[in-house]
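A.B. asks: Would you be able to build a 3D model of this:
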Amino acid sequence: MLKSLERLRGALGRPAHTYRPTVQTFNDLDVQRLERELDLKTRGAERGTANQPATDARTIDAVEAEIVEQIGAAQKLAYDELQAQLATFHERLTDLDFESRFGAIEEVSHGGLADLKAEQQMALDDLHGLRKDLTEAEDSLKGFKSDNRIRRPAEKKSALGLVTKLLVIALLVVAEIVANGYFLSGGNELGLVGGIIEALLFSVLNVGVAVFFAVILVPNLYHRNFFRKLFGFLSLLLFFAWAAALNLGLAHYREAAGTRAPTAAFAEQARDAVMARLQSRPLQLDQFESWLLFAIGVLFALVALVDGLSLVDKFPGYQKVADTMRKARQAYADERRAKIQDLSQVRQDYQDAVSELRTDIAKRRTEHQAILAHRLKLLNLFQEYQGQLEKAANQLLRTYRDANTAARSAPAPADFLEPFKLDRLAGSIDGMNEITAEALQQKIDAAQQNLQQVMADVTAEFERGLDRYRELDKLAPDAPYGTA
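C.D. replies: Coordinates of the predicted model:
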């Protein structure tokens, strides 16, 4: 039973073929096993005892034919494996698709310059209009300065400074509302809230009119025209008269409101009283708080006037013309900067595409070389394997013939001394749609030169584009900002 178990274990552990387990492409033939399975020594002795094959036999006998058949089957199996591997190599070579890569290079070489030129033309169309606007704005500013004999640049207000001045005006309005509301609350039927509502109206008139005079009317004082100067001076006098009249009227309104009890007809009565007081005794106020209210109102109006004068350039109209030129210049500069960045991005895109093509072609060439080397190695291995099969066939035949010769009483056939020659098979390579290493190298060299020329042309076109952008400034040069 133990011997049967060992035989079973041996059968389970024995492969279902006569090849040695190996990681090689073509498995080595297990000669010893095949010798045992064919029982060559026993069969050789049996046929030798019968003097078979005959001494004058010129062909191999059945046992020898069986050996040759086993060797031929192993050769055929290896050949099929070889052809399958060669087909895989052929598929891998054709999948490298170098032609599409070379086609992509041609596309980049033609498309790069075309895209760059198209980007330039669109940019020039956009910049031309902005440059024309800038030229007109510069000419307008130059004419304005020449007409008014101005040699200095317009005062440029920073965003922070402008916000600060506007906050000052807003604080003046709020402060005057609170102050007026406090002083007017005593005679209002709504108390402090009613006083603040009335104060809001007076504050807007007091501060708002002061800012209007400062921005629109009073700057005429700085004009070179005599009549404009006179108009500005009269506007300043009018402002003082307005500020004094408004705040004096407010002070009289406070006293008139304080002498009457809040009723539904309070507002109408107060107005009548104020008009009467202004006509009969305009400069007479009975309470110190009324004079204080008058002084605060005039002070706020003067501060608003001074602050308003600093909002814009003192020369009338100069700020507007200068701002128009600055905006046109900024718009042109921003657009030109953006167009240069767009042009640079187009160039960078093509540089990246060329770099990727170079890397891809290099990788494919390396893979192409590796595939050809592996295929050649496989063909050499198959030839070596056929030599091993021939050696194995001669070893098996020698075992059989030696046993046959030893058991014979008659001489062995002369063919027993002749070695077996295996007919060699050659691998069939399908070279369709493949490219040789030499031809590939030539195409790659040409493609590399093409790519190098593409990058040189793209760079040159990029520089020409920048020159064309600069030409816009040469056709209409910027004048120094203090003289134009």
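A.B. asks: Can you pull out the low-pLDDT segments for the stretch 151-300 of the chain?
C.D. replies: Along the stretch 151-300 of the chain, segments meeting pLDDT under 70 span 156-163, 165-166, 173, 175-199, 253-287, 289.
A.B. asks: Could I get the full set of helices for it?
C.D. replies: Assigned by DSSP state H, counting those that start in this stretch, the stretch 151-300 of the chain shows helices spanning 159-184, 191-203, 209-212, 226-258, 266-280, 288-309.
A.B. asks: and the stretch of helix or strand residue 107 belongs to, average pLDDT?
C.D. replies: Assigned by DSSP states H and E, residue 107 belongs to helix 98-147. Helix 98-147 shows a mean pLDDT of 81.
A.B. asks: and what of stretch 465-473?
C.D. replies: Average pLDDT, stretch 465-473: 81.
A.B. asks: ok, residues contacting that stretch?
C.D. replies: Contacting residues not belonging to stretch 465-473 are listed as 116, 119, 120, 123, 124, 127, 128, 131, 336, 339, 340, 343 [Cβ atoms under 8 Å, 6 or more residues apart in numbering]. Bear in mind the C-beta positions are built from the backbone N, C-alpha and C, glycine included.
A.B. asks: Equivalent analysis for stretch 372-381, please.
C.D. replies: Stretch 372-381 is contacted from outside by 24, 25, 26, 82, 85, 86, 89, 93, 427, 429, 437, using Cβ under 8 Å, 6+ apart.
A.B. asks: could I have it exported to PDB, CA atoms only?
C.D. replies: Output in PDB follows, covering the C-alpha atoms of stretch 372-381 (Å, rounded to 0.1, in the frame of the first residue of the first chain):
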ATOM      1  CA  LEU A 372      13.500  44.400 -31.800                       C
ATOM      2  CA  ALA A 373      16.200  43.200 -29.300                       C
ATOM      3  CA  HIS A 374      13.800  40.900 -27.600                       C
ATOM      4  CA  ARG A 375      12.500  39.500 -30.900                       C
ATOM      5  CA  LEU A 376      16.100  38.900 -32.100                       C
ATOM      6  CA  LYS A 377      16.900  37.200 -28.800                       C
ATOM      7  CA  LEU A 378      13.700  35.000 -29.200                       C
ATOM      8  CA  LEU A 379      14.800  33.900 -32.700                       C
ATOM      9  CA  ASN A 380      18.300  33.000 -31.400                       C
ATOM     10  CA  LEU A 381      16.700  31.100 -28.500                       C
END
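A.B. asks: and it, how far from the chain's centre?
C.D. replies: Counting by Cα atoms, centre = their mean, to the nearest Å, stretch 372-381 is centred 45 Å from the centre of its parent chain.
A.B. asks: related to what we said a few turns ago, which among the contacts of stretch 372-381 count as buried?
C.D. replies: Buried residues within the contacts of stretch 372-381, counting neighbours by 16 or more other Cβ atoms under 10 Å: 26, 82, 85, 86, 89, 93.
A.B. asks: element containing the second one?
C.D. replies: According to DSSP H and E, residue 82 maps onto helix 62-95.
A.B. asks: Who are the packing partners of the helix holding residue 107?
C.D. replies: The contact analysis (3 or more Cβ pairs under 8 Å, 6 or more residues apart in numbering; DSSP states H and E) places helix 98-147 against helix 318-407, helix 437-475.
A.B. asks: need the ones you listed in CSV with distance to residue 205, can you?
C.D. replies: Output for the helices and strands packed on helix 98-147, formatted as CSV (distance: least, Cβ to Cβ, whole Å):
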stretch, distance to residue 205
helix 318-407, 26
helix 437-475, 50
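A.B. asks: Would you mind telling me which of those is nearest residue 65?
C.D. replies: helix 318-407 (10.7 Å; Cβ to Cβ).
A.B. asks: so the closest one versus helix 98-147, what angle?
C.D. replies: 170 degrees (axes from the mean of the first three to the mean of the last three Cα atoms, to 10 degrees).
A.B. asks: pLDDT (mean, whole number) over helix 318-407?
C.D. replies: In this model, helix 318-407 has a mean pLDDT of 88.
A.B. asks: Can we start the residue count at 772 from this point?
C.D. replies: Will do, 772 is the new start, and the previous item becomes helix 1089-1178.
A.B. asks: That one: how far from the chain's middle?
C.D. replies: 24 Å.
A.B. asks: Helix 833-866 and that helix, what's the angle between them?
C.D. replies: Here helix 1089-1178 runs at 170 degrees with respect to helix 833-866, directions being taken by the same axes, to 10 degrees.
A.B. asks: May I see the buried residues of stretch 1136-1150?
C.D. replies: The neighbour-count check on stretch 1136-1150 (16+ other Cβ under 10 Å) flags 1136, 1139, 1142, 1143, 1146, 1149, 1150 as buried.
A.B. asks: check contacts around residue 1087.
C.D. replies: Residues counted as contacts of residue 1087 (Cβ under 8 Å, 6+ apart) are 990, 991, 993, 994, 999.
A.B. asks: my guess is the first one contacts residue 1083, does it?
C.D. replies: Right, residue 990. Yes. Using Cβ atoms under 8 Å, residue 990 makes contact with residue 1083 at a distance of 7.4 Å.
A.B. asks: Regarding stretch 1181-1199, how distant is the last residue from the first?
C.D. replies: Stretch 1181-1199 has an end-to-end distance of 47 Å (Cα to Cα, to the nearest Å).
A.B. asks: Please spell out which residues along that stretch are buried.
C.D. replies: Of all the residues in stretch 1181-1199, those buried under the rule 16+ other Cβ under 10 Å are 1183, 1184, 1186, 1187, 1191, 1193.
A.B. asks: Repeat that for stretch 1114-1122.
C.D. replies: Buried residues in stretch 1114-1122, counted by 16+ other Cβ under 10 Å: 1114, 1117, 1118, 1121.
A.B. asks: got TSV for those residues, with distance to residue 1212 too?
C.D. replies: Converted to TSV, these look like this (distance: Cβ to Cβ, whole Å):
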residue	distance to residue 1212
1114	36
1117	32
1118	30
1121	25
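A.B. asks: Which single one of the residues you listed is nearest to residue 812?
C.D. replies: Using Cβ to Cβ, residue 1121 is the member of the buried residues of stretch 1114-1122 that lies nearest residue 812, at 77.3 Å.
A.B. asks: I'd like to know how far the closest one sits from residue 1241.
C.D. replies: Separation of residue 1121 from residue 1241 (Cβ to Cβ, to the nearest Å): 22 Å.
A.B. asks: Over to residue 812?
C.D. replies: 99 Å.
A.B. asks: who's more crowded, these two?
C.D. replies: The residue with more neighbours, out of residue 812 and residue 1241, is residue 812; 17 against 11, by other Cβ atoms under 10 Å.
A.B. asks: Was I right to think the more buried one contacts residue 1174?
C.D. replies: Yes. The criterion here is Cβ under 8 Å, and residue 812 meets it with residue 1174 at 4.5 Å.
A.B. asks: Surely residue 869 is in contact with residue 1135?
C.D. replies: Yes. Between residue 869 and residue 1135 there is a contact at 6.4 Å, judged by Cβ under 8 Å.
A.B. asks: Can you report phi and psi for residue 800?
C.D. replies: The phi/psi pair for residue 800 (degrees, to the nearest 10) reads phi -80, psi 130.
A.B. asks: Across the sheet, point out what pairs with it.
C.D. replies: Beta-bridge pairing for residue 800 (DSSP bridges): residue 790.
A.B. asks: All good on my end, thank you.
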